[in-house]
Each structure stands twice: as C-alpha cells, then as structure tokens.
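sequence first, predicted model second:
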Amino acid sequence: MRSATKLIKNLNINKCAQSNVVRSTSRLINNTSINTVRQFTSSSTSSFTLFNNNNVNNTNIKYQRFYSSANDVLIKVPSMGDSISEGTIVAWTKNVGDSVRVDEVVCSIETDKVTIDINAPVSGKIVELFAKEGENVTVGNDLYKIAKGEVAAATPKTEAPKAAPAEAPKAAEAPKVAEAPKAAPAPAPKAETPKAAPAPAPKSTSTGPSETRVKMTRIRQRTAQRLKDSQNTAAMLTTFNELDMSALMNMRKTYKDEFEKKHGVKFGFMSAFVKASTIALKEQPIVNASVEENDIVYHNNVNINVAVSAPRGLVVPVIRNCENLSFADIEKEIGRLSGLARNDALAIEDSIGGTFTISNGGVFGSMFGTPIINPPQSAILGMHAIKDRPYVVNGQVVVRPIMYLALTYDHRIIDGREAVTFLKKIKDVLENPERILLEL
C-alpha cells in the first residue's frame with residue numbers, strides 16, 4: 001500500500017515537471033513571436049520609409065499604378081475565329097484616362113484574315129492597357145481594363161464659329177503684305193539660284209544602297225504563306241480559253257438602266273461570271289470539291305470567293321449559296337463585301353467556307369495570267385481585260401471584244417477532261433446568256 005502511494009506521488013511530481021516544461025516552452029514561443037512581430041514591423045516601416053523617400057527623389061519620373069475595384073471590368077482578347085489564335089494591335093483609339101462609351105471602338109486587332117475592331121462593353125474610363133501598338137496578343141489574354149461609370153455626353157463647341165470670322169480679317173491682310181516683293185527686284189533671287197545648284201552633289205558621293213524597309217502586315221504574311229503552301233501541295237495545271245463578250249455586253253447595255261432602277265444596284269459582269277460558274281460547278285462537281293488527307297470532299301453548296309484588293313492586302317470574301325441567288329442578289333452581295341473590304345471591316349465569317357474562287361485581274365489591265373489556287377479549294381477562275389481582237393464568225397474574220405479565261409486546277413483530283421469541259425461550259429453560257437434563263 002505504501003509502495004503504491006509513493007508511485008502515485010512520483011507520477012504527480014513528473015506531471016508537474018512536464019507542466020513546467022510546457023509553460024517554459026510556451027513563454028519561449030511567445031517571446032519569439034513578439035520578436036518576430038517587432039522585426040517585421042521594423043522592417044516594414046523601414047521599407048515603407050525607403051519607398052516614400054524613393055518617390056520623393058524620383059518626382060521627375062512618371063509612374064502610374066492601378067488598383068482593382070468592384071467597378072473595374074477586365075476585357076480579354078476575344079475569339080477571332082476557329083483557326084486564329086493571335087493577332088497584332090494595329091492602333092489604340094483610346095488611351096489610359098480617356099472616357100469611353102458602350103460599343104465605342106477602343107482598339108483594332110489585325111489577324112491573318114481581317115482587321116477586327118474591339119468595342120467597349122460598358123461605359124467608363126480606361127484605367128489600364130496590357131499591350132502596346134504593334135505587339136502580338138493571344139486570344140484569352142488580358143487586353144485592357146475599364147472603370148465603370150457614367151460618361152457625360154459630348155457638347156458641341158459654340159465658340160468655333162465665332163473664332164472663324166475673327167480670323168478672316170487676318171487672311172485678308174495677307175495680300176497687303178504680299179505687296180512687299182514689289183520693292184525687291186525679281187532678278188536678284190534668280191541670280192542667286194546658281195549658287196544653290198551644287199547642293200545635289202553630296203547625293204552622288206553616297207555609295208551605300210538606298211532602301212526603305214516596311215514590315216509586312218499579318219494579312220500579307222498569311223497570304224504569302226498560303227499561296228506558297230498551295231504551290232508546294234497542289235499539282236497545279238492551267239487551261240485557257242477565249243470568250244467573245246459581244247452578247248453579254250449587248251445585254252448589259254440594253255438592260256443596265258432598267259436593272260439599276262428596279263434593283264437599286266448596277267449590272268456588272270461579275271454577277272454573270274458567278275452565275276455561269278455556278279452552272280458549270282453543278283455539272284462538274286469535282287471542280288467544287290476539295291482534298292482532305294486521303295479523301296475527296298464534295299460540297300453540296302456553291303460558295304464562291306471573289307478576290308478583292310483591300311488597303312492591307314488581298315482578301316477573298318465569299319458569296320454563299322450562289323445556286324439560289326439571282327443576278328441582282330449577287331450584285332448586291334458583291335457590293336456589300338467590296339465595301340467592307342475597302343473599309344477593313346470584313347468579319348471572319350465573310351472570308352471562310354468558300355469552295356471556288358474567281359479572280360478578276362482585268363480590272364487592272366491584265367491580259368493573261370495563271371492564278372494560284374486558294375487552298376483548300378481545288379480550282380480558281382482567272383478573268384482578264386477585254387480587248388478588241390480578230391475573231392472568226394461563220395467563216396468571216398470580224399473584230400470582237402475578247403477576254404481570255406484561265407482555269408487553274410488541282411490535277412490530283414481534277415482530270416484534264418473535267419477542267420476543259422468546265423471552262424468551255426462557262427464560255428458557252430456567257431456567249432449565249434439566254435442559256436441561263438433556259439437552264440441549258
């Protein structure tokens with residue numbers, strides 16, 4: 001019994017000793033935490049003081065820092081097409097600090113195919129730009145930030161008209177000052193002109209080449225790459241024919257005024273070529289097909305790309321479902337797409353999905369040429385200038401307006417028979433436009 005009591009007392013003493021150790025350890029931890037907090041506070045205060053001193057010393061340098069808030073809207077680079085992952089900032093129309101209204105253009109991004117305007121989703125003030133002009137941006141990355149807020153409507157300035165009359169008398173006084181040269185003899189300046197003649201001499205001393213280097217636009221780079229890829233991939237062959245434009249030109253001359261009055265659009269030659277090509281493509285569907293790996297893909301719809309020269313390079317907007325369009329519908333669509341191309345306003349969907357291409361080099365005076373296929377298509381029709389030439393009609397040599405046609409095709413899937421038959425069909429339809437009405 002006594003032994004058990006002593007054992008219990010010893011256990012209690014050990015527990016007290018352990019408790020004292022725990023208390024000592026806790027004090028040590030508390031002291032360490034206090035010292036750490038003191039060190040952190042001291043270090044933070046010193047860093048803050050150093051930061052303030054640096055700001056005072058660098059007052060001549062402009063720094064701008066932006067803070068996120070609940071009203072900030074972060075705009076990312078939007079999707080610009082299935083095959084486009086990046087673009088180049090062409091221009092910022094708004095800078096940091098500028099006010100912007102909803103749907104107002106903030107910047108323009110040039111892609112491989114078109115130039116896209118990026119509009120503001122909300123009204124407010126631009127607080128941060130994440131890319132500079134000329135830099136590449138990737139779809140999904142941060143583009144710019146807007147602080148939401150109301151933007152005051154722009155009020156017209158009324159002082160400008162008042163200032164204009166005030167400047168008019170100054171302009172009227174200019175002729176009075178112009179009378180001064182009467183006192184100065186005119187021959188004196190003529191005598192001094194030979195002294196200025198030796199100025200061009202330094203030009204002849206330059207031995208280095210004179211050149212100007214301009215970076216290619218993304219559209220031009222992409223066009224060059226695709227055309228070269230087309231040459232390296234397709235087995236291209238070109239067949240030619242000549243087209244007597246007399247009947248088509250007479251039809252246009254007879255009905256152009258009535259056509260424009262009824263449909264509100266001019267009657268051009270391109271609609272006739274699109275219509276004739278559609279008929280020929282329906283008869284020779286292999287020309288409307290394309291190659292994908294080891295398969296030939298036949299397209300049920302006829303979507304014809306029309307090559308248009310735009311400020312940033314060659315673009316080929318597409319006219320869809322040509323088999324369902326009339327002459328007037330085609331002319332209206334060509335006019336709409338050409339206007340968008342000239343203004344760099346084509347959308348991605350305006351240039352994709354074509355199955356055949358028509359290129360009209362005749363508008364620039366081209367007499368003859370071999371166009372390059374627009375991949376993944378398998379053929380392209382080249383139009384050329386209309387010139388009066390000797391032509392045999394019923395055994396008689398007469399002068400007729402002639403256009404040379406060129407069809408470049410991919411010989412991997414299109415045989416010479418189909419290509420020649422296709423081009424001859426276009427010739428027959430355009431030389432006898434009534435075939436279009438009779439569906440012959």
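Great, that's in hand.

which residues in the stretch 301-440 of the chain form helices?
Assigned by DSSP state H, counting those that start in this stretch, the helices in the stretch 301-440 of the chain fall at 327-342, 416-431, 434-438.

mind putting those helices in JSON lines, mean pLDDT, mean neighbour count and distance to A234 included?
(C-beta placed from N, C-alpha, C; glycine too.) As requested, these are exported to JSON lines (pLDDT from 0 to 100; neighbours: other Cβ atoms under 10 Å; distance: least, Cβ to Cβ, whole Å):
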{"stretch": "helix 327-342", "mean pLDDT": "91", "mean neighbour count": "18", "distance to A234": "25"}
{"stretch": "helix 416-431", "mean pLDDT": "96", "mean neighbour count": "18", "distance to A234": "13"}
{"stretch": "helix 434-438", "mean pLDDT": "78", "mean neighbour count": "11", "distance to A234": "31"}
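
among the ones you listed, which is nearest L281?
Checking those against L281 by Cβ to Cβ gives helix 416-431 as the closest, at 7.6 Å.

so the helix or strand where L248 lies versus helix 416-431, what angle?
Secondary structure assignment for L248, by DSSP states H and E: helix 246-263. Comparing the axes of helix 246-263 and helix 416-431 via axes from the mean of the first three to the mean of the last three Cα atoms, to 10 degrees yields an angle of 60 degrees.

where does pLDDT dip in the stretch 1-150 of the chain?
Applying pLDDT under 70 to the stretch 1-150 of the chain flags the ranges 1-70, 81-83, 113.

can you give me the strands in it?
72-76, 86-92, 99-100, 105-110, 115-119, 124-129, 136-138, 142-148 (DSSP state E, counting those that start in this stretch).

who does the shortest one pair up with?
If I follow you right, that is strand 99-100. The pairing partners recorded for strand 99-100 under DSSP bridges are strand 124-129 (antiparallel).

quick one: list the elements packing against the helix or strand containing K228.
Assigned by DSSP H and E, K228 falls within helix 218-233. On a contact count with 3 or more Cβ pairs under 8 Å, 6 or more residues apart in numbering; DSSP states H and E, helix 218-233 meets strand 313-315.

so for the strand it packs on, mean pLDDT?
When pLDDT is averaged over strand 313-315, the result is 74.

identify the residue nearest V73 in space, chain neighbours excluded?
Leaving out its chain neighbours, the residue that sits closest to V73 by Cβ to Cβ, 6 or more residues apart in numbering is I146, at 4.7 Å.

which residues are in contact with the one you found?
Applying Cβ atoms under 8 Å, 6 or more residues apart in numbering, one finds that I146 lies in contact with 72-73, 75, 100, 120-122, 124-127.

of those, grab the buried ones for PyMOL.
Provided next is the PyMOL selection string for whichever of the contacts of I146 are buried by 16 or more other Cβ atoms under 10 Å:
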select buried, resi 75+100+120+122+124+125+126+127
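
could you dump the contacts of I146 into JSON lines and include distance to T239?
Written out in JSON lines, the entries for the contacts of I146 read as follows (distance: Cβ to Cβ, whole Å):
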{"residue": "D72", "distance to T239": "61"}
{"residue": "V73", "distance to T239": "57"}
{"residue": "I75", "distance to T239": "51"}
{"residue": "V100", "distance to T239": "55"}
{"residue": "A120", "distance to T239": "52"}
{"residue": "P121", "distance to T239": "52"}
{"residue": "V122", "distance to T239": "57"}
{"residue": "G124", "distance to T239": "60"}
{"residue": "K125", "distance to T239": "61"}
{"residue": "I126", "distance to T239": "56"}
{"residue": "V127", "distance to T239": "61"}
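
so how far is N288 from K266?
28 Å (Cβ to Cβ, to the nearest Å).

what's the answer for Q231, then?
22 Å.

which of these two has more neighbours?
Neighbours around Q231 and N288, counted as other Cβ atoms under 10 Å, are more numerous at N288. The numbers are 25 against 12.

paired strands for the strand ranked longest in the chain, with orientation please.
With secondary structure taken from DSSP state E, the chain has its longest strand at strand 396-410. Within its sheet, and counting by DSSP bridges, strand 396-410 is paired with strand 236-244 (antiparallel), strand 379-383 (antiparallel), strand 386-393 (antiparallel).

A328: which of these is closest?
Closest approach to A328 among the strands paired with strand 396-410 is made by strand 379-383 (20.5 Å; Cβ to Cβ).

what comes into contact with that closest one?
Identification of contacts with strand 379-383 by Cβ under 8 Å, 6+ apart yields 273, 277, 287, 356-362, 369-374, 403, 405-410, 414, 419, 422-423, 426.

show the buried residues in these.
If you count burial by 16+ other Cβ under 10 Å, the buried members of those come out as 273, 277, 287, 356-362, 369, 371-374, 403, 405-410, 414, 419, 422-423, 426.

alpha carbons of stretch 432-439, as CSV, please.
Below are the C-alpha coordinates for stretch 432-439, written out as CSV (Å, rounded to 0.1, in the frame of the first residue of the first chain):
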residue,chain,number,x,y,z
ASN,A,432,-25.3,32.8,-125.1
PRO,A,433,-26.8,34.4,-121.9
GLU,A,434,-30.2,33.0,-122.8
ARG,A,435,-28.9,29.6,-121.6
ILE,A,436,-29.1,30.9,-118.1
LEU,A,437,-32.8,31.5,-118.4
LEU,A,438,-33.4,28.2,-120.1
GLU,A,439,-31.1,26.4,-117.6
